[in-house]
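Peer 1: Predicted coordinates and the sequence they were generated for:
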Amino acid sequence: MESPFKADILKGKVALLTGGGSGIGFEITAQFGRHGAAVAIMGRRRQVLDAAVSALQLQGIRAIGVQGDVRKKEDAARALEMTVEQFGRLDILVNGAAGNFLASPEDLSPNGFQTVLDIDSIGTYTMCHEALKYLKKGGLGRDPSTGGLIINISATLHYTASWYQIHVSAAKAAVDSITRSLALEWGTDYDMRVNGIAPGPIEGTPGLRKLAPEEMKGKSRETVPLFKIGERWDIAMAALYLASDAGKYVNGTTMVVDGGLWLSKPRHVSKEEVKQLSRVVEKKSRTSPTGIPTSKL
C-alpha cells in the first residue's frame, strides 16, 4: 500500500528498534527506512537479524543489526552505543521485543509469568533507561534543540480481560504505565515524548499464528467492527505519525490500532428484534400511565 506520508518525512533521523527483525517490528523498521531514517535492529536471533538487515539494505535503507537481549542492561547499552557509533545520533527508540503464549492461570508457572514480564516490561524500561542520555535534549550526538521519541508497543488485552493471557495482560499494563510516567517526567525534564501503540490482531505476524487457531480467524473478522483483521502496514503508519512532526504534540498516549475490536461485544439481539422492541416501546410511550393518549392530555 502507498504511504500517505512524504518519502523524506524522517530524513536525517536515526531509530533503534527492538524486535524489529520480524512481524510488526520489521514493518515499522522498513517504513522508517523508506521514509528517510537510518535504522538499527536489536534482537536475540542472529539469523533473523541478518536476514532482516539484508532485506532492508536491498531497498537502499541504511541498516545494521545488533544481537542482544533487552533484559540485560549490558546488551541494551551496547546496542545503543553501536547505533550512535554507526549513525552519529539517536532520535527514536521503538520497544517492540515481546514474549507471548497461551496459558490458563492454573497451568502457568510463576517462572513463565515472570519471563514475559521480564521481556515486555523490564526489557522496555531497561531500554528506555539506557537510551535517556542519547534521547534527552542535548543528549549525546543528537540535535540539541529538542528531545527524542520513545514508542512502546503494547496491547489491548488488559483493558478488560483476555482468556489465557494473564501474563501478557500484566506485562502490557506495566508498559502502558511506564509510557505515561516517562511522558510526564521526561517530557517535563528533558523535552522528550513517550508514546505507545496497542495493536489488535494483525495478519501475517508470528503472534497471530501462535495465538489464533486457523478456524478462529474467520470468527475474529466477524467480531471486529471494521470486519477485517489489521495489517502490519496499519501499525507502521501509526508509528510514522508519532515519529513525524504531525505527532509532535502527542505525549503520554497509547494509540489503539485494532479496528475497534477492544470495544466489541457479542450481538445477543438481532437488529430486526431491536426494531420490533423499539416499536413496542414507542407505542407505549404515546400513552400516559393511565392509558390516555398523550396527545389528549
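Peer 2: Done, it's in.

Peer 1: now the helices: where do they sit in the stretch 101-250 of the chain?
Peer 2: With DSSP state H, counting those that start in this stretch as the criterion, the stretch 101-250 of the chain has helices at 110-117, 123-135, 166-190, 206-211, 214-223, 232-243.

Peer 1: got the CA coordinates for the first one in PDB?
Peer 2: Taking only C-alpha atoms (Å, rounded to 0.1, in the frame of the first residue of the first chain), the coordinates of helix 110-117 have been written out as PDB:
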ATOM      1  CA  PRO A 110       5.400 -18.300  38.200                       C
ATOM      2  CA  ASN A 111       8.600 -18.600  36.100                       C
ATOM      3  CA  GLY A 112       6.600 -18.400  32.900                       C
ATOM      4  CA  PHE A 113       4.700 -15.400  34.200                       C
ATOM      5  CA  GLN A 114       8.000 -13.700  35.100                       C
ATOM      6  CA  THR A 115       9.600 -14.400  31.800                       C
ATOM      7  CA  VAL A 116       7.000 -12.400  29.900                       C
ATOM      8  CA  LEU A 117       7.100  -9.600  32.400                       C
END
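
Peer 1: For the residue nearest to G68 when sequence neighbours are not counted, what is the enclosing helix or strand?
Peer 2: Leaving aside its chain neighbours, G68 sits nearest to D75 (3.3 Å; criterion: CB to CB, 6 or more residues apart in numbering). From N, CA and C alone the C-beta is placed, and that goes for glycine too. Applying DSSP states H and E as the criterion places D75 in helix 73-87.

Peer 1: Run through this structure and note the low-pLDDT ranges.
Peer 2: 204-227, 265-269, 274, 277, 280-282, 284-297 (pLDDT under 70).

Peer 1: Show me how the record splits it into domains.
Peer 2: Following automatic domain parsing, the chain resolves into domains at 14-266, 268-297.

Peer 1: quick revisit: need the helices of the stretch 101-250 of the chain in a markdown table with distance to A52, can you?
Peer 2: Listed next are those as a markdown table, based on distance: least, CB to CB, whole Å:
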| stretch | distance to A52 |
| --- | --- |
| helix 110-117 | 23 |
| helix 123-135 | 18 |
| helix 166-190 | 23 |
| helix 206-211 | 13 |
| helix 214-223 | 26 |
| helix 232-243 | 13 |
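
Peer 1: returning to that earlier point: export the domains of the chain as a markdown table, with columns for distance to E2.
Peer 2: Converted to a markdown table, the domains of the chain look like this (distance: least, CB to CB, whole Å):
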| stretch | distance to E2 |
| --- | --- |
| domain 14-266 | 10 |
| domain 268-297 | 36 |
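
Peer 1: Return the most buried member of these.
Peer 2: domain 14-266 (a mean of 19; mean count of other CB atoms under 10 Å).

Peer 1: and that one, how far out from the chain's middle?
Peer 2: 5 Å (CA atoms, centre = their mean, to the nearest Å).

Peer 1: Identify the residues contacting the nearest residue to W186 once chain neighbours are set aside.
Peer 2: Nearest non-adjacent residue to W186, counting by CB to CB, 6+ apart: M192, 4.5 Å away. By CB atoms under 8 Å, 6 or more residues apart in numbering, the contact list for M192 reads L135, K136, K137, G147, G148, L149, I150, L182, W186.

Peer 1: any chance of these in CSV, plus distance to I122?
Peer 2: As requested, the contacts of M192 are arranged in CSV below (distance: CB to CB, whole Å):
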residue, distance to I122
L135, 19
K136, 21
K137, 26
G147, 23
G148, 22
L149, 21
I150, 16
L182, 14
W186, 18
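
Peer 1: A97: which of those is nearest?
Peer 2: Checking the contacts of M192 against A97 with CB to CB, the nearest one is I150 at 13.5 Å.

Peer 1: Write down the beta-bridge partners of that closest one, one by one.
Peer 2: Beta-bridge partners recorded for I150 (DSSP bridges): L93, V194.

Peer 1: May I have the residues that are in contact with it?
Peer 2: Counting by CB under 8 Å, 6+ apart, I150 has contacts 92-95, 128, 131, 135, 179, 182, 192-195.
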